[in-house]
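[1] one predicted model, sequence on top.
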Amino acid sequence: MEPIKQVEGRAIPFGRKNVDTDVIVPSKWLKTITREGLGKGAFESLRQDPDNLFDCAEFKGSPILIAGDNFGCGSSREHAAWALLDLGITCVIAPSFSDIFSGNAFKNGILTVVLPQDQVDRLLEVAKTDPIAIDLETQTVTTPFQDRFTFEIDPFRKHCLLNGLDEVGLTLARDAAISTYEQKHRAELPWLAAGTGVAA
């Protein structure tokens, strides 16, 4: 997982409320066994409109999506987070998120920023013409027009995102402590290791 410290660039001023995971990535894309290529299916139904924001040259490659209330509701498909990442989005700003989507986003290295509706409305307006910057360390969202909005984030999630730690990374970070424990355990209780193929 890539660390996130700052995300800066054009933001897609989407703003739609109650966008469920089937809109983010339709069920026909769930048959894949890889995370790669899901960006092609992201917001597929909306991208049928030739004037959609996701294929607009102005917002191509935008790392930020500004959404409406209750983003990511519906089914718990992790593919929704994978599709956003494959589309290049590493931060979503909205007034609220589905808990399951927020958890899936975090586990896959996407920062979800919750701001009040009036601040989201302001960012939607700015995003039409100018870039937006998110600083995870200071927990702020800023614009070129001196807007500065602060957001809350769980300290554990912040630590993991800043350091690029997923569940495997967190376990590997404790490798020395785990090895020490295992050696001590084998020395104190050697009969438990007998017959397991693990040297006592």
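    Good, I have the coordinates. What you see is a predicted model, and the numbers here were worked out from it, not measured in a lab.
[2] any residues touching the helix or strand hosting residue 104, and which ones?
    Secondary-structure assignment from DSSP states H and E places residue 104 in helix 99-107. The set of residues external to helix 99-107 that reach it, using C-beta atoms under 8 Å, 6 or more residues apart in numbering, is 21, 71-73, 76-78, 80-81, 84, 92, 97, 111-112, 157, 160-161, 166-167. Backbone N, C-alpha and C define where each C-beta goes, glycine included.
[3] can you flag which of those residues belong to helices?
    Assignment to helices by DSSP state H places the following of these there: 21, 80, 81, 84, 157, 160, 161, 167.
[4] show the pLDDT at the third one.
    Among the per-residue scores, residue 81 holds a pLDDT of 96.
[5] for the remainder of this discussion, apply numbering that starts at 34.
    All set: I'll call the first residue 34, so the last point we hit is now residue 114.
[6] what distance do you get for residue 217 to residue 90?
    60 Å (C-beta to C-beta, to the nearest Å).
[7] er, residue 141 I mean
    Here residue 141 is placed at a distance of 27 Å from residue 90 (C-beta to C-beta).
[8] which one's more surrounded, the two?
    Neighbours per residue (other C-beta atoms under 10 Å) separate residue 141 from residue 90, with residue 141 holding more: 17 against 6.
[9] distance of the more buried one from residue 118?
    Taking C-beta to C-beta as the measure, residue 141 and residue 118 are separated by 6 Å.
[10] check residue 105 too.
    As for residue 105, its distance to residue 118 is 14 Å (criterion: C-beta to C-beta).
[11] okay, these two: which has more neighbours?
    With neighbours defined as other C-beta under 10 Å, residue 105 and residue 118 compare such that residue 105 has more, 30 against 21.
[12] would you mind giving both backbone torsions of the more buried one?
    As for residue 105, its main-chain torsions (degrees, to the nearest 10) stand at phi 80, psi 20.
[13] got the contact list for residue 144?
    With contacts defined as C-beta under 8 Å, 6+ apart, residue 144 is in contact with 37, 40, 123, 124, 125, 138, 167, 169, 186, 194.
[14] among these, name the buried ones.
    Judged by neighbour count, with 16 or more other C-beta atoms under 10 Å as the criterion, the buried members of the contacts of residue 144 are 37, 40, 123, 124, 125, 138, 167, 169, 186, 194.
[15] could you export these as JSON lines, including distance to residue 60?
    Compiled in JSON lines, the buried ones among the contacts of residue 144 are given as follows (distance: C-beta to C-beta, whole Å):
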{"residue": "37", "distance to residue 60": "29"}
{"residue": "40", "distance to residue 60": "29"}
{"residue": "123", "distance to residue 60": "24"}
{"residue": "124", "distance to residue 60": "26"}
{"residue": "125", "distance to residue 60": "21"}
{"residue": "138", "distance to residue 60": "19"}
{"residue": "167", "distance to residue 60": "31"}
{"residue": "169", "distance to residue 60": "32"}
{"residue": "186", "distance to residue 60": "31"}
{"residue": "194", "distance to residue 60": "29"}
